[in-house]
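>>> Please work out how this folds:
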Amino acid sequence: SGRGHQGVINAVPHVRSTGVRGLQAMARRLGSVALLASHLVSAGCAAHGPSAVGPRAGSRRALAAMGAEPGTVAPALAAVRARLSALTADLGLKAEPRLVAVSKTKPNELLSEAYAAGQRDFGENYVQELVDKAPELPEDIRWRYIGALQSNKAKVLVSGVPGLACVETVDRLKIARALDKAAAEAARKTPLDIMLQVNTSGESSKSGADPDTCAQLAREIVDACPHLRLVGLMTIGAPRDLAEGDVNPDFERLKACRARVAEALRVDEGALELSMGMSGDWEQAIRQGSTSVRVGSAIFGARG
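Next up is the predicted model:
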């Protein structure tokens, strides 16, 4: 938005000192390279003399434009964790579902704050952004790729992110084969975990395998890709306004897909994870059996 970009422009005196590489890195993190670069160059060329905005204030404004003020991530994360722990106890679950902090377009400063508060599972949607972020952050972060993936980006993703824990968005055999080849070339010590993304809502705007063919696809992937390990299924689903006591049909469809995949692979259903639920519906997803939820705006704030 215009207000968000103005916040970045106000931070120019701070980021100009980092040179061209610094500007490019910030642009990538905002997820809008061309537009941000244009603003920065224009503002930089027009800036003369002492700045009215100090470096620290400019940095704060830039972070605010990205959806969160410094110092707000840790308490927001703690609040989500408290709700997660309470729900786990209420439902009598044996294990607490995984909390994935979705950090797409967020700067490393905010990820570092979440890390310092104990968060280790992070989800990213863009290959280049993740490849840029990973080397600048602690090696024990468990990166989960949750965005659309093209087969020609598989090698970049796998080789560029040694800490890649899982790719949750595999919906075609072609993608799986590309990841399998990349994992073999990277000489990973263990197979790369993947999830099968299923389009449970039937929306043309959503990626994912057809629920009717997910079991066949799972079998093909397992047979053809020895360097991958199919660990579960994932869905995004459609936004829904559910009344108390209602069930989300997308979540039910994913559970049904898991049952068919488990039968095709001759494994117990419980051996396959369910990644479903985001900031607006993660608690409902857990009530319906999710073992991994992807929470972004409730932790890092809405995108600017």
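>>> my read is L274 is in a strand, agree?
Yes. Using DSSP: H, G, I helix; E, B strand; the rest coil, the secondary structure at L274 is a strand.
>>> Can you read off the pLDDT for it?
What the model reports as pLDDT for L274 is 98.
>>> Same question for V131.
For V131, the model assigns a pLDDT of 98.
>>> ditto for G54
41.
>>> just how off-centre is stretch 78-92 within its chain?
How far stretch 78-92 lies from its chain's middle: 21 Å, per CA atoms, centre = their mean, to the nearest Å.
>>> Give me the buried positions along that stretch.
80-81, 84, 87 (16 or more other CB atoms under 10 Å). C-beta coordinates here come from the backbone N, C-alpha and C atoms, glycine included.
>>> distance between the ends of stretch 190-199?
This stretch, stretch 190-199, spans 28 Å end to end (CA to CA, to the nearest Å).
>>> Can you give me every residue that contacts V80?
Taking CB atoms under 8 Å, 6 or more residues apart in numbering, we find V80 in contact with 99, 295, 298-299.
>>> Not counting residues beside it along the chain, what's closest to C214?
Using CB to CB, 6 or more residues apart in numbering and skipping the chain neighbours, the partner closest in space to C214 is C257 (4.7 Å).
>>> who wins for most neighbours among the contacts of V80?
Neighbour counts for the contacts of V80, by other CB atoms under 10 Å, peak at I299, which reaches 29 neighbours.
>>> State whether it and A101 are indeed in contact, as I suppose.
Yes. In terms of CB atoms under 8 Å, I299 counts as a neighbour of A101; the distance is 5.3 Å.
>>> Distance from the chain centre to the longest helix along the chain, please.
In the chain, assigned by DSSP state H, the helix with the most residues is helix 73-91. Here helix 73-91 is found 19 Å from its chain centre; the criterion is CA atoms, centre = their mean.
>>> after it comes which helix or strand?
Toward the C-terminal end, the helix or strand that comes next after helix 73-91 (DSSP states H and E) is strand 98-102.
>>> pull the CA atoms of that following strand into CSV?
Output of strand 98-102 as CSV, limited to C-alpha atoms (Å, rounded to 0.1, in the frame of the first residue of the first chain):
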residue,chain,number,x,y,z
ARG,A,98,3.0,-28.2,15.6
LEU,A,99,2.9,-24.4,15.4
VAL,A,100,4.4,-23.1,12.2
ALA,A,101,5.1,-19.3,12.3
VAL,A,102,4.3,-18.1,8.7
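>>> which residues sit against that strand?
Counting by CB under 8 Å, 6+ apart, 77, 80-81, 84, 111, 114, 119, 121-125, 144, 146, 275, 278-279, 291-296, 299-300 sit against strand 98-102.
>>> Recalculate using a threshold of 7 Å.
The contact list for strand 98-102, computed with CB atoms under 7 Å, 6 or more residues apart in numbering, reads 80-81, 84, 114, 119, 121-123, 144, 146, 291-296, 299.
>>> do the same with stretch 293-304
Outside stretch 293-304, the residues touching it (CB under 7 Å, 6+ apart) are 1, 4, 65-68, 72-73, 76-77, 80, 97, 99-103, 105-106, 110, 114, 123, 146, 275, 277-279, 282, 285-286.
>>> Same question for stretch 216-235.
166, 168-169, 173, 176-177, 179-180, 183-184, 191-198, 200, 208-209, 250, 254, 257-258, 261, 264-265, 272-276.
>>> Among the residues you listed, which lie within helices?
Short answer: these in helices (DSSP H) are 173, 176-177, 179-180, 183-184, 250, 254, 257-258, 261, 264-265.
>>> which pair in these spans the largest distance?
A184 and D250 (34.1 Å; CB to CB).
>>> Which one's more surrounded, those two?
D250 (25 against 16).
>>> Find the nearest non-adjacent residue to the more buried one, please.
G237 (3.2 Å).
>>> Give me the distance between I299 and A114.
Here the criterion is CB to CB, to the nearest Å. By it, I299 lies 7 Å from A114.
>>> Need the three-state assignment for V231.
V231, by the three-state scheme (three-state DSSP), is strand.
>>> which SSE is P70 in?
P70 belongs to no helix or strand, assigned by DSSP H and E.
>>> actually V158, not the one I wrote
Counting by DSSP H and E, V158 is part of helix 154-160.
>>> Check which residues of that helix are buried.
So, applying 16+ other CB under 10 Å, buried residues of helix 154-160: 154-155, 157-158, 160.
>>> now swap in stretch 135-145 and tell me
137, 141-145.
>>> swap in stretch 214-229?
Neighbour count says stretch 214-229 has 214-215, 217-218, 220-222, 225, 227-228 buried, by 16+ other CB under 10 Å.
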